[in-house]
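Colleague: Kindly generate the corresponding structure for this input.
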Amino acid sequence: MFSCRVITVTGMEGRLQMKKTAVKSMASQENKMKILKPNIVKELEPVEDPLQFIRASQMDETDIAAKLIKDVSFENADLSKLCFKEVAFENCRFITCSFSKTDFIDVTMRSCDFSNSDMDEGYFNRCELVSCKGVGVNLQYASLQNLTVSDCNFQYANTDSAKIKNVSVVNSDISHASVTECKLSNLELDGVKLISTNFFKTLLKDIDFTKSRIEGILVSGEELKGAIVNSVQASELAKLLGLIIK
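Modeller: Okay, here's the model as predicted:
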């Protein structure tokens with residue numbers, strides 16, 4: 001009798017544990033796939049003279065909100081410590097500009113060029129970048145959350161010590177970039193070039209590289225623990241780590 005009771009309780013506990021595990025797994029999967037999109041609900045007002053408008057916002061320390069900034073070109077401009085909210089950038093060039101400590105919240109960027117610009121300690125939340133160029137852009141210590149990047153070129157970008165959470169990168173080139181000592185959480189990669197990208201001291205656990213190219217990435221070895229790769233990638237990584245496969 002006693003033996004049967006133990007078996008019955010154990011069976012119930014087992015089923016309860018299985019249910020708890022299933023619930024945790026479903027919750028984890030939902031959290032993993034949830035990337036918030038820009039929340040732009042107002043009709044955007046075109047900015048006639050963007051540089052003058054931005055200068056005034058810097059002087060008054062006011063947010064730039066519900067604006068459309070289109071077909072402008074800036075070079076070596078100081079655009080630091082600003083806050084863009086519900087703003088759409090279209091066909092803009094910001095070459096070697098400073099966006100240091102600037103916030104981008106509910107922002108879309110299409111066909112824009114940020115090459116060699118400084119975005120260190122910047123804050124991005126609920127943003128979309130489409131067909132943009134950011135070769136050599138500096139994103140050190142930046143916070144990137146709920147960010148979607150598609151058809152973009154960010155070769156030689158620097159994201160050292162950045163916090164990257166709920167980010168999707170599709171059909172983009174991040175080769176030769178520096179992604180060292182970053183904190184990654186829910187990073188989705190699809191059709192991404194990461195050739196010779198430096199991941200030193202960035203843990204890659206649960207990151208799925210199977211649909212991307214990772215030839216020649218720079219790692220010490222510990223970073224790869226728990227990373228998801230295919231058989232061909234595993235073979236290449238083994239060579240990088242000095243392993244001989246027979």
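Colleague: so how far is stretch 109-126 off the chain centroid?
Modeller: How far stretch 109-126 lies from its chain's middle: 11 Å, per CA atoms, centre = their mean, to the nearest Å.
Colleague: Show me which residues of it are buried.
Modeller: Under the neighbour-count criterion of 16 or more other CB atoms under 10 Å, stretch 109-126 has 109-115, 117-126 buried. From N, CA and C alone the C-beta is placed, and that goes for glycine too.
Colleague: Kindly state the beta-bridge partners for the residue most central in space within the chain.
Modeller: A centroid search over the chain (CA atoms, centre = their mean) returns residue 167, at 4.0 Å, as the residue closest to the centre. Note on residue 167: beta-bridge partners residue 147, residue 187, judged by DSSP bridges.
Colleague: correct me, but it touches residue 186?
Modeller: Yes: Residue 167 lies in contact with residue 186 (CB atoms under 8 Å); the separation is 7.2 Å.
Colleague: Can you work out which residues contact both of these two?
Modeller: Each of residue 35 lies in contact with both residue 167 and residue 186 under the rule CB atoms under 8 Å, 6 or more residues apart in numbering.
Colleague: The residue nearest to the centre of the chain and residue 180: what is the separation?
Modeller: As for residue 167, its distance to residue 180 is 17 Å (criterion: CB to CB, to the nearest Å).
Colleague: low-confidence ranges in this structure?
Modeller: 1-33, 243, 245-246 (pLDDT under 70).
Colleague: can you map out the helices along it?
Modeller: 2-33, 50-60, 231-240 (DSSP state H).
Colleague: Go through the shortest one and flag the buried ones.
Modeller: Of all the residues in helix 231-240, those buried under the rule 16+ other CB under 10 Å are 233, 236-237.
Colleague: same check, this time on stretch 144-152
Modeller: Buried-residue list, stretch 144-152, by 16+ other CB under 10 Å: 144-150, 152.
Colleague: which residues touch that stretch?
Modeller: With contact meaning CB under 8 Å, 6+ apart, stretch 144-152 is reached by 35-37, 124-134, 159, 162-173.
Colleague: Just the CA coordinates for it, please, in PDB.
Modeller: Below are the C-alpha coordinates for stretch 144-152, written out as PDB (Å, rounded to 0.1, in the frame of the first residue of the first chain):
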ATOM      1  CA  LEU A 144      20.400  48.600 -28.200                       C
ATOM      2  CA  GLN A 145      16.900  47.200 -27.400                       C
ATOM      3  CA  ASN A 146      14.000  46.100 -29.600                       C
ATOM      4  CA  LEU A 147      16.000  46.900 -32.700                       C
ATOM      5  CA  THR A 148      15.400  45.600 -36.200                       C
ATOM      6  CA  VAL A 149      18.200  45.900 -38.700                       C
ATOM      7  CA  SER A 150      17.700  44.800 -42.300                       C
ATOM      8  CA  ASP A 151      19.700  45.100 -45.500                       C
ATOM      9  CA  CYS A 152      22.300  47.300 -43.800                       C
END
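Colleague: now that stretch, how far from the chain's geometric center?
Modeller: On CA atoms, centre = their mean, the centre of stretch 144-152 falls 5 Å from the chain's centre.
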